Structure formats: C-alpha cells, structure tokens
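**Student:** output the structure for:
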Amino acid sequence: MASRIEDYALIGDTQTCALVGRDGSIDWACFPRFDSGACFAALLGGRENGRWSVSPAAQTRRVERRYRDGTLVLETDMETADGTVRVIDFMPVRDHRKPQLVRIVEGLRGQVEMHVDLVIRFDYGSVIPWVRRRDGAVTATGGPDALCLRSEVELHGEHLASVARFSIGAGERRSFVLTYFSSHETLPEPVDPHEALAETETWWRAWSSRGRTRGPWAEPVAVSLRVLKALTFGPTGGIVAAPTTSLPERPGGVRNWDYRYCWLRDATLTLYALMLGGYMSEAEAWREWLLRAVAGDRSHLQIMYGVAGERRLPERELPWLAGYEGSRPVRIGNAAHEQLQLDVYGEVLDTLYQARRFGIGPDHWAWSLERRLLNHLESRWREPDEGIWEIRGPRQHFTGSKIMAWVAFDRAIKSVHGFGLEGPVERWSAIRDEIHAEVCARGYDAARNTFTQAYGRPDLDANLLQLSLSGFLPVTDPRVVGTVAAIERELIQDGLVLRYRTDDDRGPDGLPPGDGAFLPCSFWLADVYVQMGRRDDAVRLFEQLLALRNDVGLLSEEYDPHARRMLGNFPQAFSHLALVNTAHNLTTAPEGPARHRCGTDSRGLPSPSSTK
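**Tutor:** Next up, the predicted model:
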C-alpha cells in the first residue's frame, strides 16, 4: 500500500521527477520526461507495478528528512535499534544527458542491515522487462525503454525483482546509480555518484542564490520556487501542474485526473511568482513557451498543452492499476484539453500584459497573436463553457469565465494606452462594457448580495474571489464585500475554502465532489483580505496554510481537514504559485501582485474602468 501523499518528497532534474517516501521507497517516476510511461508506479497500484526501496531490514524507530540547504537533494535519516543510516536521493541536473536517479547510503551510527527491493515495470506497470547483467551493470529492457543500474551492492533476481541485503557501519557508504536510456542505444557510461552529488548541490545552490526572497516567509517562498523549477521542463520552459496522475480528490473516488501538463490558467500566477522571485530568464522562457503553444489557429486555443506544446492529449484508463487507495479509474492523458473554457483568453492576455509591465523584452508577434485571439473571443464570449473547474457535464454560463473574458479586453486596452500598441480601442471598450454589464446583471443575486457560480444558479464559487483580484470590481464595492462575506459563511470548512458546495452533495457535473479544500482558493481569500486591509485575517489564514505543508515544505492540490491529510496530485504547482504570490502580497503590500493586477502601476497606467 502506498504511503499518505504528504509522506512523499520530490526530487527532479528539470526534465522529470520522482517521489520518495519516508520509508525510503521511490514509488513514482516517469522516464525520460514528465508525461512518459512510469517505470515506478507503486503509488497507483502496489509494489508489483514498480518501486525502488532502500531501507533498513529491521523496524525503523525514527525517520527525519530534509533537503540540503538551497537544493532538492533529499536526506532521509533512519534509526533502528542497531544504528542509524542516511539515504541521500537526487537527480543530477545535467543538460542533454540521460536522466538518472542516484541513491547514496551512509552509515551514521552502529551497524545496520539494509534491504534493497527494485521492481521495474515500464508503461505504467504493464510491461515486465527483460533483466540481465551487462558489463557489470543490471539492465532492464522493455520495448523502446531501458534502465541501467550500477551498484556497489550485489543484487540478484527474486520473484521478478532485483533484491539485495547488505550491512553498513558508521562512516561507510554504498551507492546506486539508475540511468534511463533508449533500448537500441549502447549502455550509458558509468557516473561517479559522489561527483554527481557535488555537481547537483552546486547547481541548485547557484540557482537558489539568484532568488530575491526576503521577509518573514522567505523560507517557504524559496522552497516553493525550487518546486516550480523542478516542475519546469528545461528544454522548453513549460511548467507542469504536477508530476503525477490520478492522485484522488477523495480516496476511493473517481475524480482522478492527469496533471502532467501545462495549464494556461496558471500562466499569470507563474509569471508573477518567477519574476517576483528574481527569476526573469525562467519567466521569459515560460512566456516563450506560452507563445509557441498557442500559436496557430485561434479557434483552437486549448486550456492545456504538453510540455513541448503538444495539443493532442488523449485520455485513456489503465484498468490493470488499482489506483491510489482504490481510487479508480487511473487515467493518463486529459480529455479536458478539448473543453471550451473562456477564462483562458483572459489568462493569456493578462500574462502578456504583465510581462510588458515587468520589462520582459518586447515581442511584436505576441501582439499580433493577442489581436487574433480577441477577434475570436469577440464572437464567442456569449457562449456557455465548462468553466475553471473543468466541469464534465452540460456547459453553463459561468460567472468566472465571463469575468476573465472581460479581463482579456481590459488588458488589451491597457496595452494600447500604456505601451503604444495599435488596436480598435473603441470597439474593445464597448465589448468590455457589455461583458461587465451582463455579469453584474445576470451573475449577481441582489437578494443575497452575492455573485453566483453561474447565471441562474444559486451556488457560490470560490473563483468569485477573482472579482477584485482581477480588477473587475474594486474590493470596496458592496457587491464584492457581500460576495466575500457569503464565501466566508458558506464555503469555509475548518478555516479553509472549498471550491463550491451544492445541496445534493454533488458537483455541477453530477459527480460526487472531492472532500478536500482546494488550497489555491484559500490563498486567494488571503489575497483579498490584504486588499481589504484585513491584514491580521490574511496572516492568520496564510500561517494556517503554511502549517499544512509536509516536513519538507510541499503542498498538494487539496487538503482534507477532517482526516488531516493531503489530497490530489502532488506537489501541486498551483498551490506553490499561490503561496509565493500571497507571501509577496503580505510582504510588499500595497505593491504586491494583487495590486499590480488591478491598480495603478509604476508606469501610471490607470485602474480598470470597472466601477459601474
């Protein structure tokens, strides 16, 4: 059985990632990149689907772990009755080389018997590889894929696994290097694990030293930025939402989605987090990925793409995997890429506008693309869509989608006024005003003094916090104040914000909802509190959210306050992006991201004309 989600730590090389449990087991890893077939999939179905464990043979009394300062090099100390060992796990960041997993075992005290259990299964546990010894290495081959293990410990085959036992004393070291390569290639050259460790530490510390983290929350911000870097596909600059698939919103439930793709919705927050953290080159790479991904026919703008900008992300189910804690089906691919979600137009236009404001170099082709997207949105914004929560049911007129359609035209107008670009401002202004009027008329419930999730529906939605965060209405507007109050009354559970709640305990798409609180929504509420001048409330909520991080500072997509456990794919970029931005809102207010998106900026650009 897989560990609890919060028991995992992340290691990565900016091309793919692996999850390491507190028990010393790597239960999830995909090679050669994020969305490739997993060779370790025990997280979704048990040991027989692939895992790599290096742990004491005797019962462990105590486990402590940490990242080495400024890095994603993981140290796990395990204490038994006979002594203590340390397992060091990392993935060398070596451009244009084959991805590797390196494990070094150090004896710290006494003499400890260790057990190695290596079960390799390609294609998400479905392919049992051909395992053999070649030139002093153990190789596993399955179709196009191959892994090579070079070890200072002798392994032998047992029940379709490679296993070993060894004893390690204080001051001794044993190392393991697992390298991916294409099966038609020659064996990869041996790697000195200790040199690789030194190089990896140097690389991560050099990257971390470029950051501009300060203030009382510098440590969680720095960790979150390293997570975002690890979730970046280095060759293209794309950032995946999470390195995992099908970790459930509720254990045993059916809301199990593949998050190993790049969502346009994350774009603005990503840009802010990277630029505020001092990582301008990464921010520029993310913008360039965005421009490449959305290039082409404007009528086919997708909500998500592959790490290289791939458009076809067909979804299928893997029936041979039992799923995390019985959560089925296990899915790879994501059918939501075919949905209409009007808010992504606003996200793209806002991202490119903010890039201009922050001084990322001009790209004249980007403005041409934006104008074409606006022409298309002009003919489609009145349509119903699937909304931010990617509803798999009938399309609706989601209020949040219309707000972000408004943002698209608003940012285009501001780009013309602030940066000397050319465009039909009068027409765009008329459309912006029309959208604004419609949302205020059809998305607002005057009797309850709150905006609602969709036209004609009474439900609330935490996404309505974007009313003021996007600049659609000022935070002092009574309708915004009323909406925030309604969210506080109806969507807060144990201090955390739910996405939505319905009377029949089913989501808008008819599926049972997840039990967890979607963590970015709680960060949004803290941001709105900052806008309202309710700093004490913002700090209190932010500190509560920070306390949910696991022992190495990671957050998932959701949190179940009743079971006190993390839910959803892990670690979640959206949660870490939101953490970084809320920390900056609290540290640099009134000049934080919430102010930048809807207020007057350093260029003197006017606030949105949205107070009607």
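
**Student:** poorly predicted segments of the chain, please.
**Tutor:** Scanning the chain for pLDDT under 70 picks out 1, 95-96, 298, 502-515, 589-612.

**Student:** which strand of it spans the most residues?
**Tutor:** Counting by DSSP state E, the longest strand found in the chain is strand 100-119.

**Student:** for that strand, name the packing helices and strands.
**Tutor:** Contacts defined by 3 or more CB pairs under 8 Å, 6 or more residues apart in numbering; DSSP states H and E place strand 100-119 against strand 51-56, strand 74-80, strand 83-90, strand 162-169, strand 173-182, helix 193-209. Placement of C-beta: from N, CA and C, glycine included.

**Student:** how about it: buried residues?
**Tutor:** Neighbour-count burial for strand 100-119 flags 100-109, 112, 114, 116-119 (criterion: 16 or more other CB atoms under 10 Å).

**Student:** and the helix or strand following it, what does it pack onto?
**Tutor:** For strand 100-119, the succeeding helix or strand toward the C-terminus, using DSSP states H and E, is helix 122-125. Helix 122-125 is packed against strand 38-40, with contacts defined by 3+ CB pairs under 8 Å, 6+ apart.

**Student:** domain parsing of this structure, as residue ranges.
**Tutor:** 5-207, 237-598 (automatic domain parsing).

**Student:** out of those, nearest to Gly215?
**Tutor:** domain 237-598 (3.8 Å; CB to CB).

**Student:** and that closest one, how far out from the chain's middle?
**Tutor:** From the chain centre to the centre of domain 237-598 is a distance of 12 Å (CA atoms, centre = their mean, to the nearest Å).

**Student:** next one: stretch 88-100
**Tutor:** Using CA atoms, centre = their mean, the offset of stretch 88-100 from its chain centre is 21 Å.

**Student:** what are the buried residues along that stretch?
**Tutor:** Result for stretch 88-100 [16+ other CB under 10 Å]: buried residues 88-94, 98-100.

**Student:** likewise for stretch 556-576?
**Tutor:** 556-560, 565-576.

**Student:** what do you get for stretch 249-259?
**Tutor:** So for stretch 249-259, counting by 16+ other CB under 10 Å, buried means 249-251, 253, 255-259.

**Student:** reformat those as JSON lines; add distance to Asp350 and secondary structure.
**Tutor:** Formatted as JSON lines, these follow (distance: CB to CB, whole Å; DSSP: H, G, I helix; E, B strand; the rest coil):
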{"residue": "Glu249", "distance to Asp350": "27", "secondary structure": "coil"}
{"residue": "Arg250", "distance to Asp350": "32", "secondary structure": "coil"}
{"residue": "Pro251", "distance to Asp350": "36", "secondary structure": "coil"}
{"residue": "Gly253", "distance to Asp350": "33", "secondary structure": "coil"}
{"residue": "Arg255", "distance to Asp350": "28", "secondary structure": "coil"}
{"residue": "Asn256", "distance to Asp350": "30", "secondary structure": "coil"}
{"residue": "Trp257", "distance to Asp350": "25", "secondary structure": "coil"}
{"residue": "Asp258", "distance to Asp350": "26", "secondary structure": "strand"}
{"residue": "Tyr259", "distance to Asp350": "22", "secondary structure": "coil"}
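
**Student:** include distance to Val20 when you put these into a markdown table, please.
**Tutor:** Below are the buried residues of stretch 249-259 laid out as a markdown table (distance: CB to CB, whole Å):
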| residue | distance to Val20 |
| --- | --- |
| Glu249 | 23 |
| Arg250 | 25 |
| Pro251 | 21 |
| Gly253 | 26 |
| Arg255 | 26 |
| Asn256 | 22 |
| Trp257 | 23 |
| Asp258 | 21 |
| Tyr259 | 19 |
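
**Student:** closest one of those to Glu315?
**Tutor:** Asp258 (7.2 Å).

**Student:** would you mind measuring from Ala161 to Gly142?
**Tutor:** Going from Ala161 to Gly142 by CB to CB, to the nearest Å gives 15 Å.

**Student:** and for Leu187?
**Tutor:** From Leu187 to Gly142 the distance is 16 Å (CB to CB).

**Student:** who has more neighbours, these two?
**Tutor:** Just comparing Leu187 and Gly142: by other CB atoms under 10 Å the higher neighbour count belongs to Gly142, 20 against 15.

**Student:** hang on, isn't that one packed against Ile128?
**Tutor:** Yes - the pair Gly142 / Ile128 is scored as a contact, 7.3 Å apart, by CB atoms under 8 Å.

**Student:** what are the phi and psi angles of Asn569?
**Tutor:** phi -60, psi 150 (degrees, to the nearest 10).

**Student:** what packs against the host helix or strand of Leu271?
**Tutor:** Using DSSP H and E, Leu271 sits in helix 267-276. Under the contact criterion of 3+ CB pairs under 8 Å, 6+ apart, helix 267-276 touches helix 218-230, helix 280-294, helix 343-357, helix 573-588, helix 593-598.

**Student:** nearest to Ser327, of those?
**Tutor:** helix 573-588 (19.5 Å).

**Student:** residues shared between the contacts of Gly142 and Ile128?
**Tutor:** Shared contacts of Gly142 and Ile128 (CB atoms under 8 Å, 6 or more residues apart in numbering): none.

**Student:** in the longest helix anywhere in the chain, which residues are buried?
**Tutor:** Criterion DSSP state H: the longest helix present in the chain is helix 399-419. Within helix 399-419, the residues that count as buried by 16+ other CB under 10 Å are 399-416, 418.

**Student:** ok, now stretch 351-358?
**Tutor:** For stretch 351-358, the neighbour count (16+ other CB under 10 Å) marks 351-358 as buried.

**Student:** repeat for stretch 235-252
**Tutor:** So stretch 235-252, judged by 16+ other CB under 10 Å, has buried residues 236-251.

**Student:** return the subset of those lying in strands.
**Tutor:** When DSSP E is applied, the buried residues of stretch 235-252 are split such that 238-239 fall in strands.

**Student:** which among the buried residues of stretch 235-252 gets closest to Arg540?
**Tutor:** Looking across those and measuring by CB to CB, the closest to Arg540 is Glu249, at 25.9 Å.

**Student:** how near is the closest one to Ile168?
**Tutor:** Separation of Glu249 from Ile168 (CB to CB): 41 Å.

**Student:** Asp297 now?
**Tutor:** For Asp297, the distance to Ile168 equals 59 Å [CB to CB].

**Student:** all good on my end, thank you.
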